[in-house]
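Colleague: Quick one, fold the following:
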Amino acid sequence: MWLLCGALAVISLWLRTCFPVHAIADASYDDALFVRGAYALSAHQWLGPFDHLTLAKGMGYPWFIRITGALGLPLKLAEQLLYLAVCGLLASEVAKRTRRPWAGVALFAALAFNPVLWHPELARVIREGIYLSQSLALIVLLGLLLFPAHKRARHRTFVLAASTGLVFGGFWLTREEGVWILPALAVLAVMKLVQQGSLWRRCPAPRAALLPMLAQVLFPMLVVAVFAQVVIQGVKAVNLSRYGVFQSTEFHSPSFTRAYGALARIRHDQPVRYVVFPADARQRAYAVSSAARELQPFLEGDSGRSWQRIGCNQLSLTDCPGILSGWFMWAFRDATALAGHYRSAPDAMAFYDRLTREINEACDQGVIPCNAARDSLKPEWAWQDLQPTLHAAHQVLPVLLGLGDGRIGVDPSYGAPDRIEWFRQMVGPVALPDAKRFELRGWIAGTDPLPMLSLAPKDGTPQPWVLQLLEAPDVEQAFPGMTARRFHLVSSCAPGACRLIARQGTQSSVVDMGTGSLLDTPTVKMHVDTWVDHRTDPVTSRQRRLQHAVRPIAKAYLQVWPFGAAAGAVVLLIATWQWLRRPRPDFMLAVALACVAAVAVRTVLLAYLEATSIPSINVLYASPASPMVIAFPLMAFLIAIRRRKRT
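Modeller: Okay, here's the model as predicted:
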């Protein structure tokens with residue numbers, strides 16, 4: 001078994017090397033923020049000098065990047081090693097419990113080639129790269145802790161519980177929505193309590209056995225909680241000494257969440273989906289709060305418009321209703337920083353407290369119309385959200401159960417060359433930038449003066465371009481009385497994304513790029529003979545061949561796994577009913593049910609966010625549940641075989 005699993009692990013690692021890092025050098029709120037934190041940690045500066053992004057996100061992932069960088073491991077290879085270690089732990093335990101080595105090999109093989117890990121979104125320097133491993137590790141470790149294969153010495157139980165607590169602490173510090181895993185862990189604890197209750201009822205001296213039986217559940221859970229808090233509170237303590245605030249991230253800070261809740265409670269004239277703080281609510285806030293008025297120039301100015309444009313562009317909205325809720329929290333923080341309140345963390349928290357106090361007082365006194373007080377980032381539940389949530393769940397499930405959308409590969413890196421090199425030095429090999437180069441050749445003619453030719457991107461983003469003009473006597477001969485030139489234009493802007501502008505005096509003509517006659521007026525004529533697309537491949541030919549080789553695997557998972565998950569759910573339902581009739585220790589059933597609970601909760605979470613707050617139906621957000629989607633159908637199949645043999 002170990003030889004086969006070792007060979008599968010080597011193949012899995014080898015395949016992962018054909019997916020280099022997709023470096024987004026300008027993603028200062030995500031990818032670049034994690035790399036920045038890793039560099040600060042490697043320089044013994046904790047998370048570096050304080051600004052409005054220093055405590056924006058948990059430090060679990062920057063720590064992982066820093067450790068892998070210190071070891072000289074490429075980031076994606078290290079992520080895969082962590083994932084395979086967790087999968088190997090589960091597979092070895094399944095092989096022991098079933099006494100079938102082939103069962104462990106099959107489970108490890110299915111997990112080792114998880115196609116979600118090959119998706120372009122997971123090629124980024126993004127927290128989900130380790131978050132899915134941490135999520136599965138918590139379920140497996142707690143299952144081992146509560147359902148041992150044989151009687152275990154107390155010190156071994158303590159070591160395992162402490163390890164589980166440390167993993168839980170790291171998990172909690174990696175992303176901010178860690179509460180989603182708690183129902184899955186609760187399934188394990190409840191099954192253990194039910195099993196202990198069944199033993200207690202059959203015990204000849206129930207009073208004497210009650211405390212020892214409860215201790216078998218409560219003692220390890222207490223150790224887990226204590227060590228998890230040691231990690232979390234330890235990070236808070238360092239942040240207190242370094243930045244002056246006792247918090248892990250500002251999104252967990254009561255000051256920030258109360259301020260966000262105060263703004264979100266202001267009633268809207270016309271509620272709009274995804275908009276938490278529209279223009280009418282902003283005007284009401286400005287009227288009653290001096291703190292809100294400090295933010296006005298920035299929320300209404302370039303910063304606010306930029307966040308509004310980013311959100312609406314990602315949703316492809318032509319009629320943008322305002323700053324969308326998924327981006328408002330960042331617009332809010334940016335405005336606070338631009339107003340000068342991020343000189344220190346205590347200063348920022350004091351500003352948020354003042355804003356909260358002023359808005360809530362105006363709401364409570366009826367000066368402005370408001371909803372009930374709130375102190376959370378999560379959207380308020382309303383019954384009218386039920387149908388959109390159910391509809392969104394119907395869309396989320398195929399992404400979850402199909403283990404992605406079948407797409408694999410790596411997108412080109414982008415950003416300034418020095419910033420991409422900054423990424424590479426910390427995380428290892430990165431995909432090459434998409435060195436796009438488009439060449440257009442043609443001619444332009446016009447009455448005196450000669451029209452001036454220029455390039456205009458449709459989205460307004462500046463694009464470099466070079467224009468060369470050559471004599472064109474043949475064109476001048478064809479159009480007597482006109483001056484003509486042949487042109488050779490080189491740019492990084494694709495023909496569909498840019499337009500050509502021909503200016504003659506005060507008159508301008510704007511045309512889409514393409515071949516053929518583009519302008520034919522009495523004063524201006526322009527023709528494009530050819531345009532050539534030159535691109536560089538972001539990955540090597542070897543990497544491209546391997547990506548093509550694994551694409552059928554991703555498609556097979558996409559086609560097969562939804563049916564396997566449905567069949568596995570039915571098997572687990574029957575097995576659970578039989579187990580309830582006679583509860584006994586069952587590691588495999590407990591872990592399989594915990595995996596189902598994790599998938600269900602992740603589905604509900606993403607569906608609710610999709611319906612109320614932010615587009616959430618994507619592979620990246622679904623990825624933390626992908627190992628559970630793979631594991632529970634196979635474990636259900638093994639449980640069915642075991643029960644059939646017993647029968």
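Colleague: how close does V571 sit to P633?
Modeller: Distance, V571 to P633, using CB to CB, to the nearest Å: 8 Å. Yep, even glycine has a C-beta here, placed from its N, CA and C like the rest.
Colleague: Pick out whichever of those two has more residues nearby.
Modeller: The residue with more neighbours, out of V571 and P633, is P633; 26 against 19, by other CB atoms under 10 Å.
Colleague: from memory that one sits against P562, does it?
Modeller: No. If you go by CB atoms under 8 Å, P633 and P562 don't touch, sitting 9.8 Å apart.
Colleague: for this structure, longest helix please?
Modeller: helix 541-581 (DSSP state H).
Colleague: Which other helices and strands does that helix contact?
Modeller: If contacts are counted by 3 or more CB pairs under 8 Å, 6 or more residues apart in numbering; DSSP states H and E, helix 541-581 sits against helix 386-401, helix 587-612, helix 626-646.
Colleague: With distance to L519 added, can I get these in CSV?
Modeller: CSV is the format used below for the helices and strands packed on helix 541-581 (distance: least, CB to CB, whole Å):
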stretch, distance to L519
helix 386-401, 46
helix 587-612, 46
helix 626-646, 53
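Colleague: Adding mean pLDDT, write those out as TSV.
Modeller: As requested, the helices and strands packed on helix 541-581 are arranged in TSV below (pLDDT from 0 to 100):
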stretch	mean pLDDT
helix 386-401	90
helix 587-612	93
helix 626-646	88
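Colleague: hey, which of these is tucked in deepest?
Modeller: Burial of these is given as mean neighbour count (mean count of other CB atoms under 10 Å); helix 587-612 ranks first at a mean of 23.
Colleague: Not counting the helix or strand that it is followed by itself, show me its contacts.
Modeller: Next in sequence after helix 587-612, counting helices and strands by DSSP states H and E, comes helix 619-622. Helix 619-622 is contacted by residues 116, 119, 121-122, 126, 128, 396, 399-400, 404-405, 407, 602, 606 when judged by CB atoms under 8 Å, 6 or more residues apart in numbering.
Colleague: R265: which of the residues you listed is nearest?
Modeller: L606 (24.9 Å; CB to CB).
Colleague: Hmm, S616 and the closest one touching each other?
Modeller: Yes. With contact defined as CB under 8 Å, L606 reaches S616; the gap is 4.3 Å.
Colleague: Spit out the residues that contact the two alike.
Modeller: Common contact partners of L606 and S616 (CB under 8 Å, 6+ apart): A392, V396.
Colleague: Against A598, how distant is P115?
Modeller: Per CB to CB, P115 is found 19 Å from A598.
Colleague: what's the answer for A153, then?
Modeller: Separation of A153 from A598 (CB to CB) stands at 30 Å.
Colleague: repeat for L240
Modeller: Distance, L240 to A598, by CB to CB: 33 Å.
Colleague: What's the local residue count around Q247?
Modeller: Residues near Q247, counting by other CB under 10 Å: 19.
Colleague: Can you tell me, leaving aside adjacent residues, what's nearest to it?
Modeller: Leaving out its chain neighbours, the residue that sits closest to Q247 by CB to CB, 6 or more residues apart in numbering is S253, at 4.7 Å.
Colleague: Now for that neighbour: which residues touch it?
Modeller: By CB under 8 Å, 6+ apart, S253 lies in contact with L55, V245, Q247, M349, Y352.
Colleague: Could you rerun that using 10 Å?
Modeller: Residues counted as contacts of S253 (CB atoms under 10 Å, 6 or more residues apart in numbering) are L55, V245, F246, Q247, A259, A345, A348, M349, Y352.
Colleague: export these to CSV and tack on secondary structure, pLDDT and distance to P412?
Modeller: Formatted as CSV, these follow (DSSP: H, G, I helix; E, B strand; the rest coil; pLDDT from 0 to 100; distance: CB to CB, whole Å):
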residue, secondary structure, pLDDT, distance to P412
L55, coil, 94, 31
V245, coil, 95, 39
F246, coil, 95, 42
Q247, coil, 94, 37
A259, helix, 95, 39
A345, helix, 94, 37
A348, helix, 95, 36
M349, helix, 96, 40
Y352, helix, 96, 39
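Colleague: Looking at the residues you listed, which is nearest I323?
Modeller: A259 (15.7 Å).
Colleague: The closest one touches R374, doesn't it?
Modeller: No. At 11.0 Å, A259 does not count as touching R374 under the criterion of CB atoms under 10 Å.
Colleague: what mean pLDDT would you report for the helix or strand where R66 lies?
Modeller: Assigned by DSSP H and E, R66 falls within helix 60-71. Averaging pLDDT along helix 60-71 yields 94.
Colleague: what does stretch 79-97 give?
Modeller: For stretch 79-97, the mean confidence score works out to 95.
Colleague: Helices of the stretch 151-300 of the chain, start to end?
Modeller: Taking DSSP state H, counting those that start in this stretch, the helices of the stretch 151-300 of the chain run over residues 154-172, 182-202, 206-243, 254-264, 279-288, 290-299.
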